[in-house]
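**Q** how would this look folded up:
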Amino acid sequence: MSTTKAYCLGFTSFSITKFCMLGLSLILISTLTACDSHVASQLLSSSPSGRTIHVTGSGSVTGEPDIANLNIGVSVVRPNVADAREEAAMAMTGLIDSLKANNIDEKDINTQNFSIYPQYDYTEEGRKLRGYSVNNTVRVKVRDLTTLSDVIDDAAEAGGDSIVVNSIQFMIDDTTPLQSQARTLAVKNAETKAQTLADASGVLLGKPVTITESTYFESPPIPYAAEDAAFADEARTSTPISPGELTVTVNVTVIYEIE
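**A** Below you'll find the model as predicted:
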């Protein structure tokens, strides 16, 4: 009778152990499922052998910009706020009217900054109020680059001495085709590097385990006409603008399995 009890006790202990192990397995699966999908996919896609080759590849494609973002506005300093605000408002109204006259859609004119703040002169006697500065800038999307010089020149004329041109950024409206080409070149470049490493090491290159990507754009500097050249003649000289080319570069990091 005692032997039977001992056997039953042993069986029960074994069953509990199996049950605990099953519970731990379920908890582990639940934890992996709850993890970020990117992390989980990396864990699940890791090389079974742990033997891998890590390489980076790069691909670049150039294209001509077809739009420009122009950051332009007015800045006025006057002894009191009322005069500064009034003069800035008049200059900005003329500037925006000139933009619309050059077929810039109202939706492509966005206010970026408006500020009023005091300006001081600092002397040995201390700080002295010089006046108030009013700044108003807009970002303008120019969709027809052939009109960009006229847009800038007319805006400068409308804004007068208050005009401020902060920057011009050339862009490609839809970079998807260029990114696809650059991505293909980057992956091929990475594969070539990995194959070279595998051949040199006397191993067989397997399939990619993980691939990560980063994309960036490079644009050329923007030339401006010198002030004396731009206004040397009585007739207005158009501001020369050269969009140049925009380079789209895709970098990839690829981990290959070693077979």
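**Q** my guess is Leu129 contacts Tyr122, does it?
**A** No - judged on C-beta atoms under 8 Å, Leu129 makes no contact with Tyr122 at a distance of 11.1 Å. All C-beta atoms are positioned from the backbone trio N, CA, C, and that covers glycine.
**Q** Distance from the one helix or strand Gln181 maps to to the middle of the chain?
**A** Gln181 belongs to helix 176-201 when assigned by DSSP states H and E. Put simply, helix 176-201 sits 23 Å off its chain's centre (C-alpha atoms, centre = their mean, to the nearest Å).
**Q** Start at 766, not 1
**A** Okay, residue one is now 766; in that scheme the one you just asked about reads as helix 941-966.
**Q** just checking, what packs against the helix or strand following that helix?
**A** As assigned by DSSP H and E, the chain's next helix or strand after helix 941-966 is strand 970-983. Counting contacts by 3 or more C-beta pairs under 8 Å, 6 or more residues apart in numbering; DSSP states H and E, strand 970-983 packs against helix 802-810, helix 941-966, strand 1011-1023.
**Q** for these, which one sits closest to Glu851?
**A** Across the helices and strands packed on strand 970-983, Glu851 has its closest neighbour in strand 1011-1023 (41.0 Å, C-beta to C-beta).
**Q** Relative to that closest one, what are the paired strands and their orientations?
**A** Strand pairing for strand 1011-1023, using DSSP bridges, gives strand 817-828 (antiparallel), strand 970-983 (antiparallel).
**Q** Domain-wise, how is the protein divided?
**A** Domains of the chain are assigned by automatic domain parsing as 767-799, 812-830+938-1024, 832-936.
**Q** Dump these to a markdown table, plus mean pLDDT.
**A** Shown next, in a markdown table, are the domains of the chain (pLDDT from 0 to 100):
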| stretch | mean pLDDT |
| --- | --- |
| domain 767-799 | 39 |
| domain 812-830+938-1024 | 84 |
| domain 832-936 | 95 |
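**Q** Would you mind putting those domains into TSV with mean neighbour count alongside?
**A** Shown next, in TSV, are the domains of the chain (neighbours: other C-beta atoms under 10 Å):
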stretch	mean neighbour count
domain 767-799	10
domain 812-830+938-1024	15
domain 832-936	16
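**Q** from memory Val903 sits against Asn875, does it?
**A** Yes - Val903 lies in contact with Asn875 (C-beta under 8 Å); the separation is 6.2 Å.
**Q** Now for the two: what residues contact both?
**A** Both Val903 and Asn875 lack any common contacting residue under the criterion C-beta atoms under 8 Å, 6 or more residues apart in numbering.
**Q** So Ser1003, which state does it fall into?
**A** Here Ser1003 is recorded as coil under DSSP: H, G, I helix; E, B strand; the rest coil.
**Q** Check the gap between Gly967 and Ile928 for me.
**A** Distance of Gly967 to Ile928, given as C-beta to C-beta, to the nearest Å: 68 Å.
**Q** The residue nearest to Glu1010 when sequence neighbours are not counted: what's it in contact with?
**A** In this structure, Glu1010 finds its nearest non-sequential neighbour in Thr827, 4.6 Å apart by C-beta to C-beta, 6 or more residues apart in numbering. Thr827 makes contact with Glu1010, Leu1011, Thr1012, Val1013, according to C-beta under 8 Å, 6+ apart.
**Q** and if you look at Thr902?
**A** Per C-beta under 8 Å, 6+ apart, neighbours of Thr902: Asn836, Ile837, Gly838, Val839, Thr876, Gln877, Asn878, Phe879, Val929, Asn931.
**Q** Swap in 6 Å and give it another go.
**A** Residues near Thr902 by C-beta atoms under 6 Å, 6 or more residues apart in numbering: Gly838, Gln877, Asn878.
**Q** just Arg908 next, same as before
**A** Ile832 are the contacts of Arg908 under C-beta under 6 Å, 6+ apart.
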